[in-house]
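In: everything below, folded, please.
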Amino acid sequence: MSLVSPELSLDPDQRDAGDVTHFWRVPRHHGLDCLRATFRRHAYARHTHETYAVAAILSGCETFFHRGEQHYAGPGAVAVVCPDEIHDGEPYGGGFEYRTFYPSPELMQEIAEDVAGRPLSRPPWFRHSVMHDPELALAHAELHVCLCRDDSWASEMEQDTRLVDYLARLIARWADLDGLPRVRGCSKGIARVRDYLDTHLGQEAELAELARIAGLSRSHFIRAFRKETGLTPHAYLLDRRFRAAGRLLGQGESPGDVAAACGFFDQSHLNRVFKARMGVTPGIFRAA
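Out: As a prediction, this is how the structure comes out:
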């Protein structure tokens, strides 16, 4: 498994602000993305992922919006955001250091079925945004080191054993395997607009046309869309473009081509949107 060296992963703008990031991927686990970071100034824009985001706080405090509430996570805490859930994140106080995994729903369901000993109809859902579990947070940090050791080497068997054991403990202690997650309702009009935006990511969208598709006035449409999705129409479109860009970058497409394909004004626009949601630039993400 090839890893990106820390030197290649340091964004000069972030480093000057006191922020440090290191991003890499473990392909054999459904493309498991990993991020270690220290943030003193960086603030994530509200966004969603197709994967889970599972973070352990090593020092300081992170605050983030999730499921309509503001949460705070300090040392010994593990924070979980499920796929498609809106969230952000920023330092609270002087900053924070954390380690994050982005496991796919497929990987999490595989491990959950191992834990349950039976087939499951869906991936696990986590009722709590923040869990204070120092033992689990320590295992999380140790697994992060095992998956990316700059000075030493760990076998794939050791890595896989630690990963499966950690995710199994996380799911066994904190996941709800049978309860249904809360799902936002979506009217037919707003659903039509979402489908339209999802299939026309590379094109400019006009507010009047979107309102017409929804069958609402422009002002009513904006309020209804935000109420039903948690984002304004523009923020939703940027979020879907960000997710599409991540898929293309993961396939090795160049940032310039990705910017054009996903409807960004130019590569600089892609850089700003992507870094505000992933913590690293598109080039660093692609290099992983």
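In: what about the nearest residue to residue 127 once chain neighbours are set aside, how many residues nearby?
Out: Once flanking residues are discounted, residue 127 sits nearest to residue 176: 5.4 Å by CB to CB, 6 or more residues apart in numbering. Every C-beta, even on glycine, is put in place using the N, C-alpha and C of the backbone. Per other CB atoms under 10 Å, the neighbour tally for residue 176 reads 13.
In: who touches residue 176 in this structure?
Out: Contact analysis of residue 176 by CB atoms under 8 Å, 6 or more residues apart in numbering lists 124, 125, 126, 127.
In: what comes up buried for the one helix or strand residue 163 maps to?
Out: Element membership for residue 163 (DSSP states H and E) is helix 156-174. Buried residues in helix 156-174, defined by neighbour count with 16 or more other CB atoms under 10 Å: 159, 162, 163, 166, 167, 169, 170, 171, 174.
In: list just the nearest of these to residue 38.
Out: residue 166 (21.9 Å; CB to CB).
In: residue contacts, that closest one?
Out: Residue 166 sits next to 136, 139, 140, 143 when contact means CB under 8 Å, 6+ apart.
In: now, which of these lie within strands?
Out: Using DSSP state E, no member of the contacts of residue 166 falls within strands.
In: narrow those to those in helices?
Out: 136, 139, 140, 143 (DSSP state H).
In: would you format those as TSV with distance to residue 284 and neighbour count included?
Out: Shown next, in TSV, are these (distance: CB to CB, whole Å; neighbours: other CB atoms under 10 Å):
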residue	distance to residue 284	neighbour count
136	28	19
139	27	18
140	22	24
143	22	21
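In: just how off-centre is the helix holding residue 163 within its chain?
Out: 20 Å (CA atoms, centre = their mean, to the nearest Å).
In: what is the subsequent helix or strand relative to that helix?
Out: By DSSP H and E, the next helix or strand past helix 156-174 is strand 175-176.
In: now residue 204: phi and psi?
Out: Backbone torsions of residue 204, given as degrees, to the nearest 10, read phi -70, psi 140.
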